[in-house]
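In: can't give you the sequence, but here's the structure:
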């Protein structure tokens, strides 16, 4: 039986660690209040640039995207929008339409950077579940997940460029307890962000692996729910250096 040269194994490990570190060089977060409060109540990535804004809609994110990518040149981009679109008192956007707004933003990002992109879906808040909003949120997530399965763009390290993290099913499974939410029963508490940190790390670890052995386009807790196996993927535009 043949054996691998130890020096060869060392070089593989060194390249892998260097690549993972490079992904964390310039982490940029953009989106609504759930992004905004992550700095305050969650661990997040040290040194990340948080551009979240309370009350932000997908249109706000779309308008800021190009300038943010140009200014910060992210190595990892975390995006979130859609909840405020679907719950706006002045006229709620249908879930599929809100999801397509996010998808359009992601597709625009593909043309601007090859940085991996992670997006967190809407979460079922106790205040809104009583009105059946979890059904709208699930439709939103299903739309994005279905699209994510067909993406053909890879990021800077070979992993599928966009990864979606579903927050609906995991929260419903544990009964969206009050301790996961702030006193307003809408935004996440420190305990709630601890879950998001855990799910973010799961998605990140898969991205840092370069998609080996499976490219995962969507996660629910620690389960890959949209795997892309095999096939040629067209590279996106390179990140400017």
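Out: Structure received. This is a predicted model, so every value here is computed, not measured.

In: where does pLDDT dip in the protein?
Out: Scanning the chain for pLDDT under 70 picks out 1-21, 42-44, 128-131, 212-213, 229-241.

In: what segments of it are strands?
Out: In order along the chain, the chain carries the following strands (DSSP state E): 27-31, 49-50, 76-80, 117-120, 153-154, 162-166, 215-220, 223-228, 234-235.

In: my guess is residue 193 contacts residue 39. True?
Out: No. Assessed by C-beta atoms under 8 Å, residue 193 is found out of contact with residue 39, at 9.7 Å. All C-beta atoms are positioned from the backbone trio N, CA, C, and that covers glycine.

In: circling back: let's have the strands of the chain in TSV, adding mean neighbour count and distance to residue 189.
Out: Shown next, in TSV, are the strands of the chain (neighbours: other C-beta atoms under 10 Å; distance: least, C-beta to C-beta, whole Å):
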stretch	mean neighbour count	distance to residue 189
strand 27-31	25	18
strand 49-50	16	18
strand 76-80	25	17
strand 117-120	23	16
strand 153-154	20	35
strand 162-166	25	18
strand 215-220	24	21
strand 223-228	17	24
strand 234-235	11	40
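
In: that older thread, tell me which of residue 193 and residue 39 has more neighbours.
Out: Using other C-beta atoms under 10 Å as the criterion, residue 193 and residue 39 rank with residue 193 on top: 23 against 14.

In: gap between the more buried one and residue 86?
Out: Distance, residue 193 to residue 86, by C-beta to C-beta, to the nearest Å: 21 Å.

In: likewise for residue 186?
Out: 13 Å.

In: more neighbours: the two, which one.
Out: Neighbour count, other C-beta under 10 Å: between residue 186 and residue 86, residue 86 has more, with 21 against 16.

In: contacting residues for that one?
Out: By C-beta atoms under 8 Å, 6 or more residues apart in numbering, residue 86 lies in contact with 92, 93, 94, 95, 98, 122, 133, 136, 137, 140.

In: show me which of those are buried.
Out: By neighbour count, with 16 or more other C-beta atoms under 10 Å, these hold 93, 95, 98, 122, 133, 136, 137, 140 as buried.

In: quick one: which of those is nearest residue 66?
Out: Among the buried ones among the contacts of residue 86, residue 98 lies closest to residue 66 (C-beta to C-beta), at 20.9 Å.

In: reformat the buried ones among the contacts of residue 86 as TSV; add distance to residue 214.
Out: Formatted as TSV, these follow (distance: C-beta to C-beta, whole Å):
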residue	distance to residue 214
93	33
95	28
98	29
122	26
133	32
136	30
137	26
140	25
